[in-house]
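Asker: here is a sequence with its predicted model. Questions after.
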Amino acid sequence: MREISECAARFTIFAAMSSKEQKFTTSRVRSSQLSVVVSMTLVLFVLGVLGSLVFSAKGLAQAVRENFTFTLVLDESVPEEELRTLLKSQQLADYAKSAELVTKEEAAAALQADLGEDFVEFLGYNPLSNTVDLHLNGTFVASGNLEELRQELMADPYIDEVLYDPDLITLVNQNIEKISWMLAGAVFVLLLVALALINSSIRLTIYSKRFLLKTMQLVGATSAFIRRPYLLNSLFLGVLSALLSMVLLLALGNVLGNYFPALLALFEKTTILVVFGALLFLGLLVPGISTAVAIRKYLKLRTNELYF
């Protein structure tokens, strides 16, 4: 009976030790998976923000260009009917986004509001002219044919002058092109960094399980059998990270929309769908490939090479 009780006590001790080791191993696995999810989520989030900028760059550049105004100064003798016809022709022109008539009375009222005094009463007459504020299509502004358009408009007998700032438009076009290239370069560099970080996180996780992989191989498990659960787990972590990065991206869009409404252009429906698709694709592709390559590497090593 004494021997039986001693054996039972030893078994209890070993069972307790085994339980503690199992809990410790489970804790390390969860911690490792959590670090992988956090690192992939943050990397994909930053990549999503920059990707949104790139996809929205064309629309933002278009909006900036369409804010430029061509001011058509009209002759004082333009009949009312011809004035309306001129305005309609500019509104329907292929180079125009919009055209608005500003009468001399409206211009005088606006100027008086800015100056804070009635200059019309002081001068005894209104020196301003009727004008048409012409907003051009962004594509036409980018083409650089503005001087040709100015000459064409000046040929109209009812238009005395065409006012715009060619130097500013040239500068903006050049800066937009530079910023587009810089964003594209930044996305490319960040994409490489993202691939490297995700790959490193996955490989470190597989490295910590290299002895278990080798043990499974030595007892006769096939490569496909060994690889399957790790691939499924990596794909799950990748999808989870992509979804979390999308949530962060939507939260950022909500915050920016409340404080900076102009930045809502970065989070249009089409842009968000494209970015989400790209994040989900990366979340599946990179962890899957990294896991498959890492497992293949350790399965090809000899047992004594696992220690190096």
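Answerer: Received, thanks.
Asker: from Y164, how far off is the closest residue to T139 other than its chain neighbours?
Answerer: Using CB to CB, 6 or more residues apart in numbering and skipping the chain neighbours, the partner closest in space to T139 is Q62 (7.6 Å). Where you see a C-beta, it was placed from the backbone N, CA and C, and this is true even at glycine. Distance, Q62 to Y164, using CB to CB, to the nearest Å: 18 Å.
Asker: quick one on the thing from earlier: give me the element the residue nearest to T139 is part of.
Answerer: Taking DSSP states H and E as the definition, one finds Q62 inside helix 2-65.
Asker: same question, D133
Answerer: strand 131-136.
Asker: buried stuff in that strand?
Answerer: When neighbours are counted by 16 or more other CB atoms under 10 Å, the buried residues of strand 131-136 are found to be T131, V132, L134, H135, L136.
Asker: repeat for stretch 154-169
Answerer: Neighbour count says stretch 154-169 has I159, V162, Y164, I169 buried, by 16+ other CB under 10 Å.
Asker: stretch 179-194 too?
Answerer: Buried positions in stretch 179-194, judged by neighbour count with 16+ other CB under 10 Å: L183, V187, L190, L191, A194.
Asker: the third one should be in a strand, yeah?
Answerer: In other words, L190. No: the assignment for L190 by DSSP: H, G, I helix; E, B strand; the rest coil gives helix, which leaves it out of any strand.
Asker: show me the contacts for it.
Answerer: Each residue near L190 by CB atoms under 8 Å, 6 or more residues apart in numbering is listed here: V46, L47, L50.
Asker: also the first one?
Answerer: Contacts of L183 were listed using CB under 8 Å, 6+ apart, and they are L50, L53, V54, A57.
Asker: do you know how far the third one is from V187?
Answerer: Look at V54 and V187: by CB to CB, they are 5 Å apart.
Asker: do the first one as well
Answerer: With distances taken as CB to CB, L50 is found 5 Å from V187.
Asker: re the thing from before, for the strand holding D133, packing partners?
Answerer: Contact partners of strand 131-136 among helices and strands, from 3 or more CB pairs under 8 Å, 6 or more residues apart in numbering; DSSP states H and E: strand 69-74, helix 80-92, strand 96-102.
Asker: domains in this protein, by residue range?
Answerer: Domains of the chain are assigned by automatic domain parsing as 32-63+177-307, 69-164.
Asker: tell me which of those sits most buried.
Answerer: Ranked by mean neighbour count, the domains of the chain are led by domain 32-63+177-307 with a mean of 16 (mean count of other CB atoms under 10 Å).
Asker: I'd like the distance from it to the chain centre, please.
Answerer: 15 Å (CA atoms, centre = their mean, to the nearest Å).
Asker: go on, stretch 138-149?
Answerer: So, by CA atoms, centre = their mean, the centroid of stretch 138-149 is 28 Å from its chain's centroid.
Asker: I'd like the buried residues of strand 131-136 as TSV, with distance to K300 appended.
Answerer: Shown next, in TSV, are the buried residues of strand 131-136 (distance: CB to CB, whole Å):
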residue	distance to K300
T131	77
V132	75
L134	70
H135	65
L136	63
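Asker: quick one: which of those is nearest K88?
Answerer: Here the nearest of those to K88, counting by CB to CB, is V132; it sits at 10.6 Å.
Asker: list the contacts for that closest one?
Answerer: Here V132 is in contact with T71, L72, L74, L86, L87, Q90, A99, E100, L101, V102 (criterion: CB under 8 Å, 6+ apart).
Asker: again, only this time at 7 Å
Answerer: Neighbour list for V132: L72, L74, L87, Q90, A99, E100, L101 [criterion: CB atoms under 7 Å, 6 or more residues apart in numbering].
Asker: so what's the predicted local confidence for it?
Answerer: The per-residue pLDDT reported for V132 equals 81.
Asker: try Y125
Answerer: 61.
Asker: what residue ranges in the stretch 1-150 of the chain score low on pLDDT?
Answerer: For the stretch 1-150 of the chain, the stretches with pLDDT under 70 are 1-32, 107-108, 111-112, 114-115, 118-128, 144.
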